[in-house]
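S.K.: prediction below, plus the sequence it came from.
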Amino acid sequence: MEKELSNLKGVLQENRNRLLTRANVVATGLGFKVSAGKKTSTLSIICSVVQKLPPSKLAAQEMIPSQVGGLPTDVVQTGVIRAFQSHTACYRPAPGGVSIGHRDITAGTLGCLVKKGGQFFILSNNHVLANGNAAQIGDPILQPGVYDGGRFPDDHIANLEAFVPISFTGGPSGCSTATGIADFLNSIARVMGSDARLQAITTQAEDNLVDAAIARPLNPNDVKDEILKIGILQGTAAGELGMAIKKSGRTTALTTGEIQQVNVTSTVQYGENQTAIFTDQMLAGAMSQGGDSGSAVLDSNNRLIGLLFAGSENTTIINRIENVFSALGVSR
Amino acid sequence: MKDGGDYPMTTPSIQDVKKKHEVKLMSLPGVVSVGIGLGPGGRPAVIVGLDKSRPEVQAQIPSQLEGHPLIIQILGPIKAQ
């Protein structure tokens, strides 16, 4: 068998280039011939074609001979063979649904493109593009994100343009600004000889509507106005209870779900010691994991309805796109 | 004010009921969300999400709020992704 196979390899090697020049052939290999739908024990040269056509539709030079170098051939229809579309790879131009992130975070998802002042910007979450309020406007954004091998400056695709600050409720040490103020006041207290020590304490935070930010591409040709595995956006719509939805994200790729709750108020954990309350959210079943944050959420007609940002083991939390657009002053 | 809002005997809308009770519900230990979804028979219901099974908290939450059904779901902790 092995000797036979090595002879066959020789035959294939001699003939494969000639076979691959035929317009319809996308691959050649060795395998058992399939006759009348059943695998036989006859080894053959298998030619994979985009589409099987009757001989009448083929020019003589495009036909695959029934034998090549004394070996039988078999023709199998596989369609066009594409490289697996990884969501964590480097893309130029970069579509929605792929890995992206501020240089100080791991990785999130590039949602889609939005317009402001006639220009296209990258839409994702604050905690993806602006490191949860910690970034400076103009900071570099990498595609793919750092966790997926993105490095500055090679993978620098855009600069942070704007973000909607998240109001955190936080724990005692959850807010670095509050801690800083307490340190400052404590230093005054020491100078004043006071024994009173101030602690940074949790304050009542405002409710949040969105976790959103935009980034300006360095070059408009580096981004693509479509979403990986979904295609072109067909405008926007308002999410409703029971609506079928989908998203394309860095971690779980293309997934589908249904809006199970609207008018949702939810507490969302950011890292170990920060929490924020969000109102007017939409809730769907499990359709995302860490790294999918920032994914655009679409209805079954490819209309943009939301921005995915959080979830639990069995839920996904989505900002309403109306709230995202009005908070950032962007449109489609 | 919605139609009928001037009549005290009218059942308040589920949005109003949810809004009215939301802060109290969210302040209970382990409650991670309050929203509006569909209950049994496709009827709108207030849905309260919990981080885990909490019998003592669940016992404090009524099954109806001013005429609207209330459902408890165990969602797990909700985290930024």
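M.R.: Now that the structure is in, tell me what you want to look at.
S.K.: now do stretch A:10-19, average pLDDT.
M.R.: For stretch A:10-19, the mean per-residue pLDDT is 89.
S.K.: and the next element down the chain from the top helix by length along chain B?
M.R.: Secondary structure assigned by DSSP state H gives helix B:14-26 as the longest helix of chain B. Using DSSP states H and E, the helix or strand that follows helix B:14-26 in sequence is strand B:31-38.
S.K.: and the next helix or strand after that next one, how far out from the chain's middle?
M.R.: The C-terminal neighbour of strand B:31-38 among helices and strands, as given by DSSP H and E, is strand B:44-50. Centre-to-centre, strand B:44-50 and its host chain are 4 Å apart (C-alpha atoms, centre = their mean, to the nearest Å).
S.K.: just stretch B:42-58 next, same as before
M.R.: For stretch B:42-58, the distance to the chain centre is 7 Å (C-alpha atoms, centre = their mean).
S.K.: mind checking the end-to-end distance for it?
M.R.: 23 Å (C-alpha to C-alpha, to the nearest Å).
S.K.: and for that stretch, what's in contact with it?
M.R.: Under the criterion C-beta atoms under 8 Å, 6 or more residues apart in numbering or on different chains, residues A:260-261, A:266, A:283, A:315, B:14, B:17-18, B:21, B:25, B:28-39, B:61, B:65, B:68-78 lie in contact with stretch B:42-58. Using the backbone N, CA and C atoms, a C-beta is placed for each residue, glycine as well.
S.K.: from the residues you listed, keep the buried residues only.
M.R.: A:260-261, A:266, A:283, A:315, B:14, B:17-18, B:21, B:25, B:30-38, B:61, B:65, B:68-70, B:72-76, B:78 (16 or more other C-beta atoms under 10 Å in any protein chain shown).
S.K.: ok so, going back, packing partners of the longest helix of chain B?
M.R.: strand A:253-270, strand B:31-38, strand B:44-50, strand B:64-65 (3 or more C-beta pairs under 8 Å, 6 or more residues apart in numbering or on different chains; DSSP states H and E).
S.K.: and those strands: which comes nearest A:Asn319?
M.R.: strand A:253-270 (10.6 Å; C-beta to C-beta).
S.K.: bridging residues for the residue nearest the centre of chain B?
M.R.: Per C-alpha atoms, centre = their mean, the C-alpha nearest to the average position across chain B is that of B:Val46, at 3.3 Å. Beta bridges link B:Val46 to B:Ile36, B:Leu70 when assigned by DSSP bridges.
S.K.: quick one, what contacts A:Leu113?
M.R.: Counting by C-beta under 8 Å, 6+ apart, A:Leu113 makes contact with A:96, A:120-123, A:223-225.
S.K.: including distance to chain B and secondary structure, could those residues go into a markdown table?
M.R.: Formatted as a markdown table, the contacts of A:Leu113 follow (distance: C-beta to the nearest C-beta, whole Å; DSSP: H, G, I helix; E, B strand; the rest coil):
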| residue | distance to chain B | secondary structure |
| --- | --- | --- |
| A:Gly96 | 16 | strand |
| A:Phe120 | 25 | strand |
| A:Phe121 | 21 | strand |
| A:Ile122 | 18 | strand |
| A:Leu123 | 16 | strand |
| A:Val223 | 22 | strand |
| A:Lys224 | 24 | strand |
| A:Asp225 | 24 | strand |
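S.K.: mind showing which ranges of the chain have poor pLDDT?
M.R.: All of this refers to chain A. Scanning chain A for pLDDT under 70 picks out A:1-3, A:82-84, A:170-205.
S.K.: actually, chain B is the one I wanted.
M.R.: In chain B (pLDDT under 70), the answer is B:1-9.
S.K.: apply 90 and report the result again.
M.R.: B:1-11, B:40-41 (pLDDT under 90).
S.K.: picking that back up, from the contacts of A:Leu113, keep the buried residues only.
M.R.: Buried by 16+ other C-beta under 10 Å: A:96, A:120-123, A:223-224, out of the contacts of A:Leu113.
S.K.: what residues does chain A have near chain B?
M.R.: For chain A, the contact set with chain B under C-beta under 8 Å from any C-beta of the partner chain comprises A:108, A:125, A:127, A:132, A:211, A:241-242, A:260-271, A:277, A:281, A:283, A:288-293, A:308-315, A:317.
S.K.: and these, which of them are buried?
M.R.: A:108, A:125, A:127, A:132, A:211, A:241, A:260-270, A:277, A:281, A:283, A:288-293, A:308-312, A:315, A:317.
S.K.: helices of the stretch 51-200 of chain A, start to end?
M.R.: A:126-129, A:176-191 (DSSP state H, counting those that start in this stretch).
S.K.: dump the residue contacts of the closest residue to A:Arg22 other than its chain neighbours.
M.R.: Once flanking residues are discounted, A:Arg22 sits nearest to A:Glu62: 5.2 Å by C-beta to C-beta, 6 or more residues apart in numbering or on different chains. Applying C-beta under 8 Å, 6+ apart to A:Glu62 gives the contacts A:22-24.
S.K.: quick check, nearest of the contacts of A:Leu113 to A:Pro54?
M.R.: After measuring those against A:Pro54 - C-beta to C-beta - the closest member comes out as A:Lys224, at 38.2 Å.
S.K.: was I right about the closest one contacting A:Pro95?
M.R.: Yes: shown here, A:Lys224 and A:Pro95 form a contact pair, counting by C-beta atoms under 8 Å, at 4.4 Å.
S.K.: ok, A:Arg320 - how many residues close by?
M.R.: 20 (other C-beta atoms under 10 Å in any protein chain shown).
S.K.: what about residue 55, neighbour count?
M.R.: If you meant another chain, say so; for now it's chain A. There are 8 residues near A:Pro55, going by other C-beta under 10 Å.
S.K.: hmm, I had chain B in mind actually
M.R.: 6.
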